[in-house]
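Visitor: My questions concern the predicted model and sequence given below.
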Amino acid sequence: MNNYNNINVYKKDFYFHIEINRPKQLNALNQDTIKEIGSCLNAFEKNNKGYFGIIISGSGEKSFVAGADITEFTLVNKKNSKKFCQKGHELYNKIENMSVPVIALVNGYALGGGCELAMACHLRIATKNATFSQPEVNLGLIPGYGGTQRLIQIIGKTKGLELMLSAEMISSSIALDLGLVNYVLEDKKQAMDKVLELINIFKRKSPIAIKNVIKSVNSFYDNDVNGFDKEIELFSECCDTNDFKEGALAFIEKRCPNFKGD
Ligand code: CO8
């Protein structure tokens, strides 16, 4: 299944895999790639039954995503720059609000918009050779795909500001210490095994509960919503599902639950 020029999409038994495929540009994100990832995710949400996770990775061994495609910066001016930013924001918000966990498999460079893409995902599994940076100040810019917000949400203001102000590139082991990534594995194959192990765990849970955990956690970062109220609303929504009945019954009958997502 692949009608795209810049990404490979693999529809597997129980998960989706989107591989950004611009190896000559170290998988830098041009506008077409941003559009393609967005339409692929829209298609997924229309027909997501039986899928329990989405993987986003970059092709090759050298890079996850080396940022926005800098060659397109010649097109950017004061007038259209907000649109460029908004397109990235729309995509990254969509990722953050997907109904199944989205996992970034990060090997090699995760720079600028690449680091921001990884941060929009729910989990980040890195390889030993992964490096992370928000280098925008080197280009006379600030992070423009949500980095000023998500980096401090994830690792806190102290270190987040240091990284954005210095443009320092950090290793995967430092990223792990800072809580920027969930795990660091030796290489891409082992990282993929870890990603699949996690999706296999999610597969055994109630899809509605998984979706509502994501929604409730995201509401913490929504200024217009009281997260505690949201939790009550989503908890109550879960109580109205067959999955909830099945979960309680399975516990009482001392067996594994068979969730159907309804
Ligand atoms: N965009 C376009 N092409 C790139 C990018 C990029 N971000 N990164 C690397 N490439 C290309 C190089 O130009 C080169 O192409 P060619 O072979 O045709 O010369 C090829 O990839 C290989 O790169 P290098 O030869 O430079 O490889 P090195 O191993 O020597 O260096 C680095 C790798 C360190 C990754 C280096 O390429 C680099 O510093 N790249 C730029 C990284 C960067 O600054 N990224 C942040 C961009 S800003 C951003 O992402 C902001 C997001 C919000 C934007 C809002 C929209 C307007």
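Guide: Received the coordinates, thanks. Numbers count the residues shown, from 1 in each chain.
Visitor: mind checking which helix or strand Leu163 is in?
Guide: According to DSSP states H and E, Leu163 maps onto helix 157-166.
Visitor: Give me the contact list for that helix.
Guide: 133-134, 136-137, 142-143, 147-148, 151-152, 154-155, 168, 170, 178 (CB atoms under 8 Å, 6 or more residues apart in numbering). In this view, the C-beta of every residue, glycine as well, is placed from N, C-alpha and C.
Visitor: neighbour-wise, which of those residues leads?
Guide: Gln134 (29 neighbours; other CB atoms under 10 Å).
Visitor: show me the contacts for that residue.
Guide: Contacts of Gln134 (CB under 8 Å, 6+ apart): 111-112, 115-116, 143, 147, 151, 163-164, 167.
Visitor: Format those as CSV; extra columns: pLDDT.
Guide: Shown next, in CSV, are the contacts of Gln134 (pLDDT from 0 to 100):
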residue, pLDDT
Leu111, 98
Gly112, 98
Cys115, 98
Glu116, 98
Pro143, 98
Gly147, 98
Leu151, 98
Leu163, 98
Met164, 98
Ala167, 98
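Visitor: Below-threshold pLDDT in this protein: ranges please.
Guide: Residue ranges of the chain with pLDDT under 70: 1-2.
Visitor: same thing but at 50, please
Guide: Of all residues in the chain, none has pLDDT under 50.
Visitor: Find the residue at the geometric middle of it.
Guide: In the chain, the centroid-proximal residue (CA atoms, centre = their mean) is Cys121; its distance is 1.4 Å.
Visitor: who's in contact with the closest residue to that residue other than its chain neighbours?
Guide: Leaving aside its sequence neighbours, Cys121 sits nearest to Ala104 (CB to CB, 6 or more residues apart in numbering; 4.0 Å). Neighbour list for Ala104: 55-57, 64, 110, 117-118, 121, 123-125 [criterion: CB under 8 Å, 6+ apart].
Visitor: Good, we can wrap up now.
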